[in-house]
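One predicted model, sequence on top.
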Amino acid sequence: MTGRLNRAFFAQDTLSVARGLLGQRLVRILDGERLSGRIVEVEAYVGEKDQASHAQCGRTERNAPMYGPPGHAYVYFVYGMHHCFNVVTEREGFPAAVLVRALEPLEGIEAMQERRGGRVGVELTSGPARLCQALGIDRRFDGVDLCAPDVVLFIEGNGTMPDAAVTAGPRVGVRGDERALVAPWRLYEQDNRYVSR
DNA sequence: GGATCGATCGGCT
DNA sequence: GCCGATCGATCCG
């Protein structure tokens, strides 16, 4: 996988997109500088029947991007202070997305450290809200098309991650029935120190 | 190292 | 009015 990821990639079923995103590079152009990191942890949220999904109660103004076309961002605000970044998947009208939970920093590390209040190393991007702060991702990016030609947030191909390096497990911080709690829809690179929790 | 708790506010049952 | 797809500080062992 090389170059910018295109719409067809994001239009696949959500678990395939989640798996395919592992190892790819999330890029943010901030003040003319490239900040980027390798995606090492993701979670899939699939359809209104997914008890852990924001779409479980149907469409609202907040979750509307999840119902939109694939390849767009869904950025939401939680706990009164944190942002989380998702990539919308599958077909328009079906609410599904992949939450990016952790990155391994690649470019612009000093800028990330500044944005993270002087923190360094693992604390930079190991967690969905941390990576948003490190890369300057907030609600301004909610609904933005990551496949647009001159957007300042996008995902680049960066090689593939072998199956042997991938672990699947239950999602973090979800509630709902047993099915939602147990679904192994959190994927991460084994032994990567930037994986959260 | 692990458990617990407060911060803080937008979006909804 | 209540609660959250979290984080970081603090306390305990």
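Ah, there it is. Keep in mind the model is a prediction, meaning the values are calculated, not measured.

mind listing what the nearest residue to residue A:120 once chain neighbours are set aside touches?
Once flanking residues are discounted, residue A:120 sits nearest to residue A:113: 5.7 Å by C-beta to C-beta, 6 or more residues apart in numbering. For glycine as for every other residue, the C-beta is placed from the backbone atoms N, C-alpha and C. With contacts defined as C-beta atoms under 8 Å, 6 or more residues apart in numbering, residue A:113 is in contact with A:119-120, A:124.

can you pick the most crowded of the residues you listed?
Counting neighbours by other C-beta atoms under 10 Å, residue A:124 leads those with 23 neighbours.

how much space between it and DNA strand C?
The gap separating residue A:124 from DNA strand C is 9 Å, by C-beta to the nearest atom of the strand, to the nearest Å.

Over to residue A:105?
Separation of residue A:105 from DNA strand C (C-beta to the nearest atom of the strand): 14 Å.

In PDB, list the C-alpha atoms belonging to the helix or strand encompassing that residue.
Using DSSP states H and E, the element containing residue A:105 is strand A:96-107. These are the backbone C-alpha positions of strand A:96-107, laid out as PDB (Å, rounded to 0.1, in the frame of the first residue of the first chain):
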ATOM      1  CA  ALA A  96     -19.900   2.700  10.700                       C
ATOM      2  CA  ALA A  97     -16.400   4.000  11.500                       C
ATOM      3  CA  VAL A  98     -12.900   3.100  12.800                       C
ATOM      4  CA  LEU A  99     -11.600   4.900  15.900                       C
ATOM      5  CA  VAL A 100      -7.900   5.600  15.800                       C
ATOM      6  CA  ARG A 101      -6.600   4.800  19.300                       C
ATOM      7  CA  ALA A 102      -2.800   5.100  19.100                       C
ATOM      8  CA  LEU A 103       0.000   6.200  16.800                       C
ATOM      9  CA  GLU A 104       3.700   5.600  16.800                       C
ATOM     10  CA  PRO A 105       5.100   9.100  16.100                       C
ATOM     11  CA  LEU A 106       7.100   9.500  12.900                       C
ATOM     12  CA  GLU A 107       7.400  13.100  11.800                       C
END
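
average pLDDT for that strand?
Strand A:96-107 shows a mean pLDDT of 98.

One more: stretch A:57-70?
The average pLDDT within stretch A:57-70 is 96.

Now it: buried residues?
Buried residues in stretch A:57-70, counted by 16 or more other C-beta atoms under 10 Å: A:63, A:65-70.

how far does that stretch sit from the chain's center?
In terms of C-alpha atoms, centre = their mean, to the nearest Å, the centre of stretch A:57-70 is found 16 Å from the chain centre.

Any chance you could list what contacts it?
Counting by C-beta under 8 Å, 6+ apart, A:7, A:10-11, A:45, A:48, A:53-55, A:72-74, A:76, A:86, A:88-97, A:142-143, A:145 sit against stretch A:57-70.
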